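J.: below are the sequence and a predicted model for it; my questions follow.
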Amino acid sequence: QVQLVESGGGLVQAGGSLRLSCAASGRTFSRSAMGWFRQAPGKERDIVAAISWNGGSTSYADSVKGRFTISRDNAKNTVYLRMNSLKPEDTAVYYCAASNNPVLVTTSARYNYWGQGTQVTVSS
C-alpha cells in the first residue's frame with residue numbers, strides 16, 4: 001500500500017515557476033514508477049510526466065516538454081515536478097500517482113495509487 005500527499009501548488013503569474021512535491025509512504029516507493037497528472041475543469045485527467053523507479057527513464061507530455069522536469073529522491077520517498085515558464089493553460093489540479101510497475105508508465109490505468117491533488121493556478 002502506498003499513500004501519496006502532494007504539496008507546492010498555488011497561484012503564480014504567467015512565466016513563473018513552481019515545484020510540486022509528492023511524499024509517499026510505504027516501503028514499495030523505490031520500486032514504483034511515478035507520474036504526475038493534471039485535470040482542468042471540464043477536461044479529462046491527462047498525464048504530464050512520468051519517471052521510472054530509479055529515475056533512469058522519463059517521459060513528458062508534448063505541452064510541457066522543455067518547461068517541466070520530473071525527478072525523484074528514493075531516499076526521501078519523494079517525487080518532484082519542477083514547472084517553469086508557466087502558462088495560463090497549465091492551470092489544473094495536479095495529481096501524483098504511483099504504479100506497482102517499476103518501469104516507465106504513461107497510461108493512467110496502470111497507476112495503482114493516487115494522491116488527493118494540489119491546485120495550480122496560473123494568472124495571465
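T.: Happy to help now that I have it. Numbering: from 1, shown residues only.

J.: and the residue nearest the centre of the chain, what are its bridge partners?
T.: Of all residues in the chain, the one closest to the mean position by CA atoms, centre = their mean is residue 36, 2.2 Å from it. Per DSSP bridges, the residues bridged to residue 36 are residue 49, residue 96.

J.: starting at the chain centroid, how far to stretch 49-66?
T.: The chain centroid and the centroid of stretch 49-66 are separated by 9 Å, computed with CA atoms, centre = their mean, to the nearest Å.

J.: tell me which residues touch the nearest residue in space to residue 116 that is not next to it in sequence, please.
T.: Computed as CB to CB, 6 or more residues apart in numbering, the closest residue to residue 116 that is not its neighbour in sequence is residue 6, at 6.9 Å. Just so you know, the C-beta spots here come from the backbone N, C-alpha and C atoms, and that holds for glycine as well. Residues in contact with residue 6 (CB atoms under 8 Å, 6 or more residues apart in numbering) are 20-22, 94-96, 115-118.

J.: kindly recompute the last result at 7 Å.
T.: By CB atoms under 7 Å, 6 or more residues apart in numbering, residue 6 lies in contact with 20, 22, 94, 96, 115-118.

J.: can you check residue 48 too?
T.: Residue 48 neighbours (CB under 7 Å, 6+ apart): 36-38, 61, 64, 68, 81.

J.: per-residue confidence for it?
T.: With respect to pLDDT, residue 48 scores 98.

J.: how close does it sit to residue 72?
T.: From residue 48 over to residue 72 the distance is 14 Å, taken as CB to CB, to the nearest Å.

J.: now do the strands in this protein.
T.: Remark: strands assigned in the chain by DSSP state E are 3-7, 10-13, 18-25, 34-39, 46-51, 58-60, 68-73, 78-83, 92-98, 113-114, 118-123.

J.: what angle do strand 118-123 and the third one make with each other?
T.: What that stands for is strand 18-25. Interaxial angle, strand 18-25 versus strand 118-123 (axes from the mean of the first three to the mean of the last three CA atoms, to 10 degrees): 180 degrees.

J.: how about low-confidence regions in the protein?
T.: Of all residues in the chain, none has pLDDT under 70.

J.: kindly recompute the last result at 80.
T.: 1, 27 (pLDDT under 80).
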